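[1] how would this look folded up:
(one chain, ligands or ions: 1)
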Amino acid sequence: MKILVLGGAGYIGSHTVYELIDAGENVVIVDNLETGHIEAVHPKAAFYQGDIRDRSFIDSVFDKEADIDAVIHFAANSLVGESMVNPLKYYDNNLCGTKVLLESMVAHNIDKIVFSSTAATYGEPERIPIMEDDCTAPTNTYGETKLSMEKMFKWTGKAHGLRFVSLRYFNACGAHISGQIGEAHKPETHLIPLILQVPLGQRDHISIFGNDYPTKDGTCVRDYIHVTDLAQAHILAVKYLMEGNESNIFNLGNGIGFTVNEVIETARKVTGDPIKAEMEDRRAGDPAQLIASSDKARSILGWKPQHADLEEIIATAWKWHSTHPNGYAK
Ligand code: UDP
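    Got it, this is the predicted structure:
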């Protein structure tokens, strides 16, 4: 297969490219390198630097790269906090970018797209575990734009015959088993890389945002899913579309929740460092618990996460961060 990966230099995008190339697929990457990293671009992939909001650029990629079977779309901004401070940046990049992309896909008769969505489309969950047909009421601009992108695929599909798979990730984490690529956000906002900054000597302590939630130890519960397992789901989703199946939406998580305290304790075990933790107020907008039901992805896509063990997940993250303490920066 020949797959165009938009945002293939980003965290989940680069891991998906590595899995596609390992599986013998032909990969073309588009990335504007605003948040992605040139070092994360797989050497065996064709690479075009540019922005999906630029119609002539994206047209030129489809013109040069004939016979693209499907698109995997990661090219978006994804920081919840930033999306609340600068919502129009998110509407512009995430929604306007996807609109231009879809216009170009329709013009070039490319009719299959796998989309990087998020548990943030649900907002405050009405039940645990969360099912795909549960209510979607995002509590931040980031989640709202991702939900709107899903709807854009739906209506474009009805008019133009495009089919899509939307993958709603829970807490993506970990790094490639080789330690060559991993998570590198600036600023970093995610729990596991922040915890690992303590043993790296880059942070004095990890802050725990709230210990009065209705959970077993009072700290928030999340469903942590390894980035390579997410990557595999994208490949299965492309195959699902190639087999002619209808558009669909799937949650991706392990179905197991860990509290913030449990994650810190596991990181202490993996790193051998005492990792100081301090209690702070709740972070605005954090639901107490987010746990996926991934039964649908398991039964329809045949997805089986291979790295569900939290210790293993954190060990892969530690291998990456301890050998790249400044991310991709030299
Ligand atoms: N968290 C925390 N301290 C931090 C960063 C995150 O206690 O410095 C908590 C956060 O409140 C949430 C969990 O860790 O309950 C995971 O947060 P993250 O930002 O990694 O992902 P989110 O669940 O917000 O997508």
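
[2] Pull the contacting residues for whichever residue of the stretch 101-250 of the chain sits closest to the ligand.
    Using C-beta to the nearest ligand atom, the single residue of the stretch 101-250 of the chain nearest to the ligand is Cys220, 3.0 Å away. (Glycine included, C-beta is placed from N, CA and C.) Residues in contact with Cys220 (C-beta atoms under 8 Å, 6 or more residues apart in numbering) are Phe209, Gly210, Tyr213, Thr259, Val260, Asp286, Pro287, Ala288, Gln289.

[3] Now do the phi/psi pair for it.
    phi -70, psi 150 (degrees, to the nearest 10).

[4] show me what contacts Ile314?
    Applying C-beta under 8 Å, 6+ apart, the residues near Ile314 are Cys173, Gly174, Ile192, Leu196, Val263, Thr266, Ala267, Val270.

[5] The residue in the stretch 1-150 of the chain positioned nearest to the ligand: how many residues sit nearby?
    Closest residue of the stretch 1-150 of the chain to the ligand, C-beta to the nearest ligand atom: Val80 (6.3 Å). Using other C-beta atoms under 10 Å, Val80 is surrounded by 20 other residues.

[6] What separation do you get for Asn261 and Ile195?
    According to C-beta to C-beta, to the nearest Å, Asn261 and Ile195 sit 11 Å apart.

[7] In the stretch 1-150 of the chain, where is pLDDT below threshold?
    Nowhere does the stretch 1-150 of the chain drop to pLDDT under 70.

[8] in it, which spans are strands?
    Taking DSSP state E, counting those that start in this stretch as the criterion, the stretch 1-150 of the chain carries its strands at 2-6, 26-31, 46-49, 70-73, 112-118.

[9] just checking: which of the contacts of Ile314 also lie near the ligand?
    Filtering these for proximity to the ligand by C-beta under 6 Å from any ligand atom leaves nothing.

[10] With secondary structure and pLDDT added, can I get those in CSV?
    Below are those laid out as CSV (DSSP: H, G, I helix; E, B strand; the rest coil; pLDDT from 0 to 100):
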residue, secondary structure, pLDDT
Cys173, strand, 98
Gly174, coil, 98
Ile192, helix, 98
Leu196, helix, 98
Val263, helix, 98
Thr266, helix, 98
Ala267, helix, 98
Val270, helix, 98
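
[11] possible to save those as CSV with neighbour count?
    Output for these, formatted as CSV (neighbours: other C-beta atoms under 10 Å):
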residue, neighbour count
Cys173, 25
Gly174, 27
Ile192, 25
Leu196, 26
Val263, 24
Thr266, 21
Ala267, 25
Val270, 21
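
[12] Any chance of these in TSV with distance to Ala231 as columns?
    Converted to TSV, the contacts of Ile314 look like this (distance: C-beta to C-beta, whole Å):
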residue	distance to Ala231
Cys173	13
Gly174	11
Ile192	17
Leu196	21
Val263	22
Thr266	22
Ala267	23
Val270	22
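
[13] Give me the next element, helix or strand, following whichever helix in the chain runs longest.
    Ranked by residue count, the top helix of the chain under DSSP state H comes out as helix 141-160. Once the chain leaves helix 141-160, the next helix or strand it forms, by DSSP states H and E, is strand 163-169.

[14] Figure out how far stretch 111-131 is from the centre of its chain.
    On the basis of C-alpha atoms, centre = their mean, to the nearest Å, stretch 111-131 sits 11 Å off its chain's mean C-alpha point.

[15] hang on, the earlier thing: neighbour count: Asn261 and Ile195, which is higher?
    Taking other C-beta under 10 Å, Asn261 and Ile195 do not tie; Ile195 has more neighbours (27 against 17).

[16] for the more buried one, what are its contacts?
    Contacts of Ile195 by C-beta under 8 Å, 6+ apart are Ile206, Val263, Ile264, Ala267, Ile275.

[17] Also Ala277?
    Here Ala277 is in contact with His205, Ile206, Ser207, Ile208, Asn261, Ile264 (C-beta under 8 Å, 6+ apart).

[18] I'd like to know how far it sits from the ligand.
    If you measure Ala277 against the ligand using C-beta to the nearest ligand atom, to the nearest Å, the figure is 9 Å.

[19] who does that residue bridge with?
    Ile206 (DSSP bridges).

[20] per-residue pLDDT, Lys330?
    Looking at Lys330, its pLDDT is 62.

[21] How about Asp92, nearest residue that isn't a chain neighbour?
    Leaving aside its chain neighbours, Asp92 sits nearest to Arg53 (7.4 Å; criterion: C-beta to C-beta, 6 or more residues apart in numbering).
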